[in-house]
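[1] Sequence plus the predicted model coming up.
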There are 2 protein chains.
Amino acid sequence: MKKTILVFGLLILGLLLLFQLSKYAILSGDLESEYAIAIIAVVFFFVGIYLNKKSLHKNNTDTKEVNQKRIKELEISEREYEVLIGISEGLSNKEIGEKLFISESTIKTHVSNLLVKLNAKRRTQAIQIAKQEHII
Amino acid sequence: MKKTILVFGLLILGLLLLFQLSKYAILSGDLESEYAIAIIAVVFFFVGIYLNKKSLHKNNTDTKEVNQKRIKELEISEREYEVLIGISEGLSNKEIGEKLFISESTIKTHVSNLLVKLNAKRRTQAIQIAKQEHII
DNA sequence: AGTGCTTTGGTACTTTAGTATGAGTCATCT
DNA sequence: AGATGACTCATACTAAAGTACCAAAGCACT
């Protein structure tokens, strides 16, 4: 957060400086007004692109941040989450068990608990809800 | 495509016009150079944002276009695709049947064919593959 | 009119999924 | 030390999902 403020502060400062410089350059005749205007145009053009990318990127990281919080809110444990990932990868209970080195019975227990916590009736619905909640 | 060229042409024309106008405005003293520069800055700032959004949006529609082609390549029929959507929504065969007003038996047939066409062992895997193929 | 494809539906059967219940282990917290 | 919660596993069921095979209706194309 502090970094963002610093970057923006420097950005605005730089732009104001450029602003003043170009104004005096034009008035004093040191610089052709075409060049000054062109520089301003190009700079602001890229500033526009930069800020746009920044804000879009922010949204992405925001939704990724929601993940962990939501998982905790739903009281999904570490192991249950691993099972959830297995489900979303299209694995069977048996395959998930082999992947995590535990029995199929245990997977069934985890899946059952997951369905309750995600308020889903089936594993396919669990996938859909988990995606909606941005936890996978 | 033609529309894009038209928009860009008009955009460039407008910017050039603005450019010339501001130059003459400054030279003739009709307008304070600050204002001219400010206008240029603001305009190019938004042009930067606009072009950025445009290019990002283009990528999205591109991936959406892949959809239909891939569905045909995989020889997935209209009805099968509707069933696939039902699966991805987390519905049971029975629920999909009720949604499409056909029997559960028929859904099972469609699902079975879908699994072969998508090279999946389970409906959950079908979801994963369908997402990978950008067909849902 | 015949061919091919999609869609529909059914029966019978096998395999997964999911529920309910109980129980043991282990680490952590109080 | 005892409570708590996460993880493990098993048995016994019930409910879905999936497979295999067959069959018929409808549509488009030639």
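    That came in fine, so what should we check first?
[2] quick one, domains of chain A?
    A:2-56, A:68-132 (automatic domain parsing).
[3] Tell me which of these sits nearest to DNA strand C.
    Comparing the domains of chain A against DNA strand C with CB to the nearest atom of the strand, the closest turns out to be domain A:68-132 (3.0 Å). Backbone N, C-alpha and C define where each C-beta goes, glycine included.
[4] Kindly provide the whole-number mean pLDDT of the closest one.
    For domain A:68-132, the mean per-residue pLDDT is 95.
[5] just the domains of chain A: most buried one?
    Comparing the domains of chain A by mean neighbour count (mean count of other CB atoms under 10 Å in any protein chain shown), domain A:68-132 comes out on top with a mean of 17.
[6] end to end, how far does it reach?
    Between the opening and closing residues of domain A:68-132 lies a distance of 14 Å (CA to CA, to the nearest Å).
[7] And for A:I87, nearest residue in space, chain neighbours not counted?
    Nearest non-adjacent residue to A:I87, counting by CB to CB, 6 or more residues apart in numbering or on different chains: A:R123, 5.0 Å away.
[8] thinking again about what came up before, would you mind giving the domains of chain A as JSON lines with distance to B:I49 added?
    Shown next, in JSON lines, are the domains of chain A (distance: least, CB to CB, whole Å):
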{"stretch": "domain A:2-56", "distance to B:I49": "4"}
{"stretch": "domain A:68-132", "distance to B:I49": "30"}
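[9] Show residues contacting stretch A:82-102.
    The set of residues external to stretch A:82-102 that reach it, using CB atoms under 8 Å, 6 or more residues apart in numbering or on different chains, is A:76, A:79, A:103-104, A:106-108, A:110-111, A:114, A:123, A:126-127, A:130-131, A:135-136, B:120-122, B:124-129.
[10] still on that earlier bit, among the domains of chain A, which is nearest B:N52?
    With CB to CB, the closest approach to B:N52 among the domains of chain A belongs to domain A:2-56: 4.2 Å.
[11] How about the contacts made by the residue of chain A found nearest chain B?
    Closest approach between chain A and chain B, counting by CB to the nearest CB: A:G48, at 2.4 Å. A:G48 is in contact with B:F44, B:F45, B:F46, B:V47, B:G48, B:I49, B:Y50, B:N52, counting by CB under 8 Å, 6+ apart.
[12] same deal with A:A126?
    A:L84, A:I87, A:L114, A:L115, A:L118, A:A120, B:G90.
[13] Mind checking which of the residues you listed are in helices?
    The members of these that map onto helices under DSSP state H are A:L84, A:I87, A:L114, A:L115, A:L118.
[14] mind listing the helices for chain A?
    Using DSSP H, helices in chain A cover A:2-28, A:33-73, A:78-88, A:93-100, A:104-118, A:123-132.
[15] can those helices go into CSV with extra columns for distance to B:K69?
    Converted to CSV, the helices of chain A look like this (distance: least, CB to CB, whole Å):
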stretch, distance to B:K69
helix A:2-28, 42
helix A:33-73, 28
helix A:78-88, 26
helix A:93-100, 31
helix A:104-118, 34
helix A:123-132, 24
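[16] Just tell me which of these ends up closest to B:L16.
    Closest among the helices of chain A, using CB to CB: helix A:33-73, at 10.9 Å.
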